[in-house]
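Peer 1: got a sequence here, can you build the structure:
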Amino acid sequence: MNKEKQSEQKLDQIKQELTQKVEKIMGPPPTESGPLLPVKPQINPRNSVASKPIKLEKRPEVKTESPALQQPAGPPQVPGAKKEAITVVTPVPPKPTQPVDNSTDSELPDQDDSVSPLDGDEQLDKAVEDITRADSDAVIKAEDAARKNANPPEKTKHRGSIGEFFKAWWHNKLARRLTILVLLVAIVGAMVIPISRHFVLNTFGVRSSASLKVLDASTQQPLRNVSVSIQDQKAETNENGVAELSGLKLGDTEISLQRRAFAEKTYNHTLGWGTNPLNDTSLDPTGIQYSFIVTDFLSGLPVQGAEALSTDASAFSDENGKLVLTLDIKSDDDAQIEIVADGYRTEGFDTSDDTDQNEIEMVAENKHAFMSRRSGRFDLYKIDADGANEQMVLEGSGWERDDIVLVNHPTKNKIAMISTRENMRSPQGSLLQSLMIVDLETDELSIVDRAERFEILGWQNDKLAYIQVLQNEAPNTTNPQQINVYDDESTDVKKVAEANYFNAAM
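Peer 2: Sure, this is the predicted structure:
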């Protein structure tokens, strides 16, 4: 008996707890006919849903009426179970697979005799276990929902709403004007202040260039082969002493100048936007110096711009022909020096023959051509203006007459020559002259024209003007004399005038 009482007390306690949980979730049941009475549900084992937890949702309460008293709807009736007069309120599943059957006992289907029904205690325990499981799930979900409602999750701030921010900023006239004003002030300030201006321009990849001229401090003449370093760029000065560098950052920077036999020099300069032509700078010599006076051999006048060279050392003569070359004492003892100038022959000098003032006479590089009969024939020779380097260019053929004409090119090492050395004759048997161009550097000869007689008018740059006489060669010609022009670059001959006779032509 004690054991049965304990079971009943335990069952009553579970029922009360279940009723409290249901009321907590669904609210107190409406009572029209009095308080709810505990009911012992009966479950058909064939249709038991104990193995499937019921998913509860908060739905409107369903009321069912019994003949004796009207109470809230109890658990879903299972086919085969007897319908009690008193009902219990339970949550209705959202989509029940079977509708609640409110039919009377007489309408219930017959119970399958093959399944033995459980006794009263077992059915009660089974029902309590099913209800407990379903209510536990519902309570957990209800508590979770209540917790979420009590502490709603914080809304994350999305940075993707930048477009909305700018849209709101644009429609706010005051904010828009203030922003534009601040930007303009910042830009103007950056452009006015050099440091900030250079920083902004360098940040956006703006680069500048620079050029400078380096002079010898002792002669104020340009220095060649001076190494100029600005930032990470390097260059060497040319024959005019000028170095050009590009791809430089703007702002204060260091400039370094280096050359052998001269003191190294370093100084700062602020590079601006553009080409930056820097002021001329000079280097102080530290090596041994050799002085020269350079003059023209024929005229005796000073030669300006003559350059003295020794390995990488270089120096130029001034308007007075004075030239000072600085060499490194340790490595340039007894060095060979060459003096070169445009249009002149290269002259050599040995430093072992140094005097306080070395005079160098520059001889024109164009050769002088002349005819000589020392061999019994008219041979063509070439020679320098000072009589050095004499060489034979063409050996005489023996057919030359003594009316040979030689005219030098004004700038090139070439001559125009008229001679009968080819022994060419006209149909009438007259000996014809040949107009030839002789290259005195390569000793090559080219024929321009042939005629009974030629008269050279002179050179004009690379064009040679001459008169050609065809009197006996073409007796039926009305204008036997014509003036032609030969172009030494294209080797073309063009007739510019013709007449029966030219009294004079220049």
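Peer 1: what about the residue nearest the centre of the chain, which SS state?
Peer 2: The centre of the chain sits closest to residue 205, judged by CA atoms, centre = their mean, with a distance of 10.2 Å. Following DSSP: H, G, I helix; E, B strand; the rest coil, residue 205 is assigned to coil.
Peer 1: please apply the same query to the one 10 residues further on.
Peer 2: Assigned by three-state DSSP, the conformation of residue 215 is strand.
Peer 1: now the one 10 residues further on
Peer 2: Applying three-state DSSP to residue 225 yields a three-state assignment of coil.
Peer 1: need the contact list for the residue nearest to the centre of the chain.
Peer 2: Contacts for residue 205 (CB atoms under 8 Å, 6 or more residues apart in numbering) come out as none. The C-beta positions use only the backbone N, C-alpha and C, and glycine is treated the same way.
Peer 1: helix or strand right after the longest strand seen in the chain?
Peer 2: As assigned by DSSP state E, the longest strand anywhere in the chain is strand 414-425. Using DSSP states H and E, the helix or strand that follows strand 414-425 towards the C-terminus is strand 431-439.
Peer 1: tell me which other helices or strands the next helix or strand after that following strand touches.
Peer 2: Reading on from strand 431-439 to the C-terminus, the next helix or strand found by DSSP H and E is strand 444-451. When contacts are defined as 3 or more CB pairs under 8 Å, 6 or more residues apart in numbering; DSSP states H and E, strand 444-451 packs onto strand 414-425, strand 431-439, strand 463-469, strand 481-487.
Peer 1: residue 196 - that's part of a strand, no?
Peer 2: No - Residue 196 is assigned helix when assessed by three-state DSSP, not a strand.
Peer 1: what distance do you get for it to residue 300?
Peer 2: Using CB to CB, to the nearest Å, one obtains 63 Å as the distance from residue 196 to residue 300.
Peer 1: and what of residue 256?
Peer 2: 43 Å.
Peer 1: more neighbours: these two, which one.
Peer 2: residue 256 (13 against 8; other CB atoms under 10 Å).
Peer 1: closest one to residue 138 among the helices and strands packed on strand 444-451?
Peer 2: Proximity to residue 138 (CB to CB) singles out strand 481-487 among the helices and strands packed on strand 444-451, at 114.1 Å.
Peer 1: ends of stretch 166-177, what's the gap?
Peer 2: Distance across stretch 166-177, first residue to last, is 13 Å (CA to CA, to the nearest Å).
Peer 1: what about that stretch, average pLDDT?
Peer 2: The average pLDDT for stretch 166-177 rounds to 82.
Peer 1: check stretch 269-288 too.
Peer 2: 90.
Peer 1: buried sites along that stretch?
Peer 2: 269, 271, 276, 278, 281-283, 285, 287-288 (16 or more other CB atoms under 10 Å).
Peer 1: can I get the residues you listed in a markdown table including secondary structure?
Peer 2: Shown next, in a markdown table, are those (three-state DSSP):
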| residue | secondary structure |
| --- | --- |
| 269 | strand |
| 271 | strand |
| 276 | coil |
| 278 | coil |
| 281 | strand |
| 282 | strand |
| 283 | strand |
| 285 | strand |
| 287 | coil |
| 288 | strand |
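Peer 1: pull the most distant pair out of those.
Peer 2: 271 and 288 (36.4 Å).
Peer 1: could I get the helices and strands packed on strand 444-451 as CSV with mean neighbour count?
Peer 2: Shown next, in CSV, are the helices and strands packed on strand 444-451 (neighbours: other CB atoms under 10 Å):
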stretch, mean neighbour count
strand 414-425, 19
strand 431-439, 19
strand 463-469, 19
strand 481-487, 18
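Peer 1: so which of those is nearest residue 140?
Peer 2: That would be strand 481-487 among the helices and strands packed on strand 444-451, by CB to CB, at 110.6 Å.
Peer 1: name the nearest of the buried residues of stretch 269-288 relative to residue 20.
Peer 2: residue 271 (88.1 Å).
Peer 1: what sits against the closest one?
Peer 2: 208, 210, 230, 248-253.
Peer 1: which of these are buried?
Peer 2: 208, 210, 230, 248-251, 253.
Peer 1: strands - which of those land there?
Peer 2: Counting by DSSP E, these contribute 208, 210, 230, 248, 251, 253 to strands.
Peer 1: closest one of those residues to residue 439?
Peer 2: Of those, the one sitting nearest to residue 439 (CB to CB) turns out to be residue 210, at 44.9 Å.
Peer 1: how close does that closest one sit to residue 265?
Peer 2: 16 Å.
Peer 1: with residue 9 instead?
Peer 2: 111 Å.
Peer 1: and if you look at residue 440?
Peer 2: Note on residue 440: its distance to residue 265, by CB to CB, is 47 Å.
Peer 1: and for residue 134?
Peer 2: Counting by CB to CB, the gap from residue 134 to residue 265 is 98 Å.
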